[in-house]
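Student: Got a predicted structure here, sequence first:
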Amino acid sequence: MENKKELRTWLDDLKLNHPLVIAGPCSAETEEQVLKIAHELKDTDVSYYRAGIWKPRTRPGNFEGVGALGLKWLQKVKEETGLMTATEVANRAHVELALEHDIDLLWIGARSTVSPFIVQEIADALKGTDKVVLVKNPVNPDLPLWLGAIERLASADIKKLGVIHRGFSTYEKSKYRNNPEWQIAIELQTKFPDLPLINDPSHITGKRDMIFDVSQTALDLNFDGLMIETHVDPDNAWSDAAQQVTPKRLVQIMEDLRIRKETDPEAEYNKELTNLRAQIDVVDNQLIDLMGKRMQVADGIGALKKRKNVAVLQSKRWNEILGKMVLQGEEKGLSEEFILKMFKAIHQESINHQEKVIKG
């Protein structure tokens, strides 16, 4: 993408003294509900009012959105509150209707981002538009696919671009609805530092009580804003009830978040240090997860050795692993001393796990 700095223009033009906030219900349900939420979000840090009009559901039969009728409700939101409006589009017809109703921000959902055909159709329909267009990461952790969607939109002469990080699906058990896989967002940020990056803690967590912590991590990693699903009666929402917060709670979250001060003479140093530390925290959490998975495998090996009456320590295998790890470590700039200490500790923990299984 050329002229990457132009990508930030739409965000800079808002002249905000806080991270961008996009908030509103997962789904527009009734005109009354949409307007009530909007009026409670008026005069807060919220800049864009979001509401799902068309809801892609995994299986048919669930609530799939009110459709084009909801766009008229969003028009009323803008008229009555002055909030700019946002909704998801998934095909040419959605785009045309959204433009017809002067929706200010359109986003492409994770299910749509996975299909270059869908993204290209949307890009063609939006060609030359001055609307803000954000692209959610694809369902699976595929950075080239995510970037490909942005490139298709940029090729359609759409200037006001950005991305939404909403986490990635996984078959593994996790405390998240969608694993954040922060390293992918960090890599995207490194490749395109001027591409506005918005975090969606609602879809990452799937649980309202986790939204604050994920939002704080995102800000520590230099994200430009947050998209948080907000409802006046979350428990009775027609979709994604567990992950929505009340307008009152949203305001409290925004007040409690630690946001770096631009006026501090050490702001640039603190900003960079906080970002780097946040990246270390992400990697450390990944290391702990990986160590846990490694020891689960060690438990399986212990069970197999118990069944076959095989000794726990296999010296030849261990020496082969150690030699290989030293060489790989050197390629990554890690000293032999460090690699030996680390893998000896890991090996000892693995032996402990296997012996526990065998003696159990």
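Tutor: Structure received.
Student: Just the helices from the stretch 251-360 of the chain, written as ranges.
Tutor: Read by DSSP state H, counting those that start in this stretch, the stretch 251-360 of the chain holds these helices, from start to end of the chain: 267-308, 315-331, 336-359.
Student: got the angle for the first one vs helix 336-359?
Tutor: This points to helix 267-308. 40 degrees (axes from the mean of the first three to the mean of the last three CA atoms, to 10 degrees).
Student: next one: phi and psi at the residue of the chain most remote from its centre?
Tutor: In the chain, the greatest distance from the average C-alpha position (CA atoms, centre = their mean) is reached by N309, at 47.0 Å. Phi and psi for N309, reported as degrees, to the nearest 10, are phi 60, psi 50.
Student: Let me know the distance separating it from M325.
Tutor: The gap separating N309 from M325 is 29 Å, by CB to CB, to the nearest Å. No exception for glycine: its C-beta is placed from N, CA and C like everyone else's.
Student: before we move on, the earlier item: dump the helices of the stretch 251-360 of the chain to TSV, plus distance to V95.
Tutor: What follows is the helices of the stretch 251-360 of the chain, written out as TSV (distance: least, CB to CB, whole Å):
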stretch	distance to V95
helix 267-308	35
helix 315-331	48
helix 336-359	52
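Student: E255 is nearest to which of the ones you listed?
Tutor: Of all the helices of the stretch 251-360 of the chain, helix 267-308 sits nearest to E255, with 19.0 Å by CB to CB.
Student: Give me the distance between stretch 117-128 and the centre of its chain.
Tutor: 23 Å (CA atoms, centre = their mean, to the nearest Å).
Student: List the contacts of V135.
Tutor: Neighbouring residues of V135 by CB atoms under 8 Å, 6 or more residues apart in numbering: W107, I108, T113, V119, W146, A149, I150, L153, L161, G162, V163, I164.
Student: Tell me, what's the model's pLDDT at M325?
Tutor: You'll see M325 listed with a pLDDT of 89.
Student: correct me, but it touches I346?
Tutor: No. Using CB atoms under 8 Å as the test, M325 is too far from I346 to be in contact (9.4 Å).
Student: tell me the phi and psi of P196?
Tutor: Dihedral angles (degrees, to the nearest 10) for P196: phi -50, psi 130.
Student: State the distance from it to V326.
Tutor: 43 Å.
Student: And these two? Which one has more around it.
Tutor: P196 (22 against 17; other CB atoms under 10 Å).
Student: Please look at the more buried one and V163 and confirm they touch.
Tutor: Yes. Shown here, P196 and V163 form a contact pair, counting by CB under 8 Å, at 7.3 Å.
Student: who touches both of those two?
Tutor: Between them, P196 and V163 share these contacting residues under CB under 8 Å, 6+ apart: L134.
Student: and the nearest residue to N91 once chain neighbours are set aside, what element?
Tutor: Of all residues not flanking N91 in the chain, E121 sits nearest, at 6.2 Å (CB to CB, 6 or more residues apart in numbering). Using DSSP states H and E, E121 maps to helix 116-126.
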